[in-house]
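Participant: Take a look and give me a structure for this.
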Amino acid sequence: MNNKTRKITEGATLVAIVGVFLLIDRQTVGMLNGYVTWMMPLPILLYAAKYGFKDSIAPFISIILLSFIVALPTTTVIIFITGVTGLVYGSGVKKGKSNFWLLGSTLFFTIIEYLVTMVLFASFFGYDLAGELQQAIVTLESYGYRIQDLDMIITTMIPIILFAAACLEALLIHIIANFLLKRLKIKVNPMKSINDVVAPQWLGWILLAFMVLNAAKGYLDYPELLKETIFTISVIAEIVFRIFGLIDIMINSKVSKRNYIMLFSIFLIIIIPSSLMIIGVMDIVTDFRKSMIERNRNVFK
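Facilitator: A predicted model of the protein is given here:
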């Protein structure tokens with residue numbers, strides 16, 4: 001089979017597979033779409049990684065036209081955005097782009113997808129994040145908790161939740177795509193070791209500064225917009241520090257080859273929840289990780 005015939009055959013197979021998914025999604029009234037959105041970029045992604053951007057345009061357009069015929073309107077919009085995501089990612093792999101570029105482009109289009117489906121046209125897609133978050137807060141208050149600045153929390157938590165979800169989905173797509181492309185014998189950049197996942201010190205100091213400003217809001221008179229901005233960034237800072245605290249614990253357990261370190265760390269986090277964030281702060285703004293690795297290698301060698 002020559003290359004041109006193979007492209008046509010694999011393209012037709014790709015469209016047929018997506019068509020089956022669209023039919024199943026329609027029969028379940030969009031329920032399938034809500035659970036496996038992260039899978040939608042993968043078919044066109046794999047095709048574009050093998051044949052490039054130009055040769056992937058025809059299958060991509062065919063999928064969009066097919067979705068107009070057999071899919072729900074909401075699914076058609078998602079198919080278009082996720083298809084663009086896969087098209088850009090796959091053509092990036094074909095051109096030898098870095099993992100940072102691939103992950104960044106995936107995150108960009110995933111954020112667009114979340115903005116379109118959950119913010120700009122939320123009612124059309126059946127979402128009401130503000131109402132759901134408010135309901136969750138009301139439920140907490142019914143158990144005796146008292147939450148101040150409710151409006152500010154709702155305003156600031158929605159973008160944080162959407163950004164965190166977009167990051168997780170983009171990372172999931174990147175990891176699965178990397179695994180599948182290797183299985184298909186398509187050249188990909190090696191994934192970074194967890195030891196190489198580092199954040200610049202200047203970023204740590206900036207995030208730490210916003211956390212201090214947020215803690216001082218009771219003593220300083222901030223404008224309302226500035227207060228919301230500081231609160232949002234401080235929540236993001238806590239998430240970032242906790243992630244790097246978890247990475248530190250994983251590296252410590254791996255280097256020392258002592259599984260009880262992980263168990264002890266989990267116990268410590270349960271007793272003192274802020275301990276994970278403190279470890280993350282030390283990891284980013286100091287040389288804590290480097291000294292920890294060197295000390296463990298000397299002790300457990």
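
Participant: end to end, how far does stretch 64-79 reach?
Facilitator: Start-to-end span of stretch 64-79 (CA to CA, to the nearest Å) is 7 Å.

Participant: and that stretch, how far out from the chain's middle?
Facilitator: Using CA atoms, centre = their mean, to the nearest Å, the mean C-alpha position of stretch 64-79 is found 24 Å from that of the whole chain.

Participant: So which bits of it are buried?
Facilitator: In terms of neighbour count (16 or more other CB atoms under 10 Å), stretch 64-79 has its buried residues at 64, 66-67, 71, 74-79. (C-beta placed from N, C-alpha, C; glycine too.)

Participant: And those residues, which two are furthest apart?
Facilitator: 66 and 74 (15.6 Å; CB to CB).

Participant: now stretch 168-187: mean pLDDT?
Facilitator: Throughout stretch 168-187, pLDDT has a mean value of 86.

Participant: actually stretch 47-54, not the one I wrote
Facilitator: Taken as a whole, stretch 47-54 has an average pLDDT of 88.

Participant: can you list contacts of stretch 184-194?
Facilitator: 46, 49-50, 93, 96, 98-99, 102, 175, 178, 181-182, 247, 250-251, 254 (CB atoms under 8 Å, 6 or more residues apart in numbering).

Participant: With stretch 227-244 instead?
Facilitator: So stretch 227-244 is contacted by 152, 155-157, 159-160, 163-164, 199, 204, 207-208, 210-211, 213-214, 217, 222, 276-281, 283-284 (CB under 8 Å, 6+ apart).

Participant: Name only those of those residues that count as buried.
Facilitator: Burial by neighbour count, judged by 16+ other CB under 10 Å, picks out 155-157, 159, 163, 199, 204, 207-208, 210-211, 213-214, 276-277, 279-281, 283-284 from the contacts of stretch 227-244.

Participant: So which of those sit within helices?
Facilitator: Secondary-structure check on the buried ones among the contacts of stretch 227-244 using DSSP state H: residues within helices are 155-157, 159, 163, 204, 207-208, 210-211, 213-214, 276-277, 279-281, 283-284.

Participant: per the record, what domains does this structure have?
Facilitator: With domains defined by automatic domain parsing, the chain comprises 3-183, 194-300.

Participant: got the end-to-end distance for the longest one?
Facilitator: If I follow you right, that is domain 3-183. Chord length of domain 3-183, first to last residue, is 20 Å (CA to CA).

Participant: hmm, back to that, CSV for the buried residues of stretch 64-79, including secondary structure, distance to residue 42 and pLDDT?
Facilitator: Supplementary listing: the buried residues of stretch 64-79 in CSV, determined by DSSP: H, G, I helix; E, B strand; the rest coil; distance: CB to CB, whole Å; pLDDT from 0 to 100:
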residue, secondary structure, distance to residue 42, pLDDT
64, helix, 16, 90
66, helix, 17, 88
67, helix, 16, 86
71, coil, 17, 78
74, helix, 20, 78
75, helix, 16, 81
76, helix, 18, 83
77, helix, 18, 85
78, helix, 14, 85
79, helix, 12, 88
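
Participant: Flag the shaky bits of the stretch 151-300 of the chain, pLDDT-wise.
Facilitator: For the stretch 151-300 of the chain, residues meeting the criterion pLDDT under 70 lie at 151-156, 194, 255-266, 268-270, 296-300.

Participant: Check the secondary structure at residue 217 for me.
Facilitator: Following DSSP: H, G, I helix; E, B strand; the rest coil, we place residue 217 in the coil state.

Participant: which residues touch it?
Facilitator: Applying CB under 8 Å, 6+ apart, the residues near residue 217 are 227, 230-231.

Participant: Residue 17 now?
Facilitator: Residues in contact with residue 17, defined by CB under 8 Å, 6+ apart, are residue 43.

Participant: Can you mark which positions in the helix or strand harbouring it are buried?
Facilitator: For residue 17, the enclosing helix or strand under DSSP states H and E is helix 3-27. Residues of helix 3-27 classed as buried: 7, 11, 14-15, 18-19, 21-22, 25-26 (neighbour count, 16+ other CB under 10 Å).

Participant: now stretch 201-221, how far from the centre of its chain.
Facilitator: Distance of stretch 201-221 from the chain centroid (CA atoms, centre = their mean) equals 25 Å.

Participant: so where do the helices sit in the stretch 1-150 of the chain?
Facilitator: Across the stretch 1-150 of the chain, reading from the start of the chain, the helices by DSSP state H, counting those that start in this stretch fall at 3-27, 31-35, 42-51, 53-70, 73-94, 99-115, 122-125, 129-142, 150-183.

Participant: now the angle between helix 99-115 and the longest one, please.
Facilitator: Computed with axes from the mean of the first three to the mean of the last three CA atoms, to 10 degrees, the direction of helix 150-183 lies at 130 degrees from that of helix 99-115.
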